[in-house]
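> structure of the sequence below:
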Amino acid sequence: QVRLVESGGGLVQAGGSLSLSCAASGRTYSTYVMGWFRQAPGKEREFVAAITWGASRYYADSVKGRFTISKDNAKNTVYLLMNSLKPEDTAVYYCAAEPRLDRVLAAQADYRGQGTQVTVSS
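So this is what the prediction gives:
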């Protein structure tokens, strides 16, 4: 069992930055792929970023070059630093944990947090 708790969402102007955190608990955390998904109103959930147990990173094309995913294994925490935010980044952001990278890239995961709202004003 993996429990995920996100924090750090909020309201920011276009061009600004936000940092999200995801605190994970559970003894399988270190072997899982950790990821971030997002879901905007009226849209399907989509993959944003992922980091593997070996610290390989993957990004959606829409956020590449603007978002950075990282993790601190000692703190069991995953981060998403979001720069140059755009109004289209507005969504609920979910932290996810999943053994299989292909599922994370498809915005699927065994475990997801409750989500944190990110709103980017124009």
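> what values do phi and psi take at residue 74?
The phi/psi pair for residue 74 (degrees, to the nearest 10) reads phi -70, psi -30.
> and the gap between it and residue 30?
Using CB to CB, to the nearest Å, residue 74 is found at 10 Å from residue 30. All C-beta spots, glycine's among them, are computed from the backbone N, C-alpha and C.
> comparing those two, which residue is more hemmed in?
residue 30 (12 against 6; other CB atoms under 10 Å).
> looks to me like that one is in a helix.
Yes - per DSSP: H, G, I helix; E, B strand; the rest coil, residue 30 lies within a helix segment.
> do you know how far it is from residue 23?
Taking CB to CB, one finds residue 30 at 14 Å from residue 23.
> tell me where this protein has strands.
3-7, 10-13, 18-25, 33-39, 46-51, 57-59, 67-72, 77-82, 91-98, 111-112, 116-121 (DSSP state E).
> so, low pLDDT: which residues of this structure?
The chain contains residues with pLDDT under 70 at 27-29.
> how about the residue sitting nearest the centre point of it: which residues does it bridge to?
The residue lying closest to the centre of the chain (CA atoms, centre = their mean) is residue 36, at 2.1 Å. Bridge pairing for residue 36 (DSSP bridges) gives the partners residue 49, residue 95.
> quick one: it and residue 51 touch, right?
No - at 9.2 Å, residue 36 does not count as touching residue 51 under the criterion of CB atoms under 8 Å.
> need the residues touching each of the two.
69, 78 (CB atoms under 8 Å, 6 or more residues apart in numbering).
> ok so, going back, now the strands of the chain as CSV including distance to residue 105?
As requested, the strands of the chain are exported to CSV (distance: least, CB to CB, whole Å):
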stretch, distance to residue 105
strand 3-7, 18
strand 10-13, 27
strand 18-25, 18
strand 33-39, 8
strand 46-51, 6
strand 57-59, 6
strand 67-72, 13
strand 77-82, 16
strand 91-98, 10
strand 111-112, 15
strand 116-121, 21
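> picking that back up, quick check: the residue nearest to the centre of the chain vs residue 122, distance?
For residue 36, the distance to residue 122 - CB to CB - is 23 Å.
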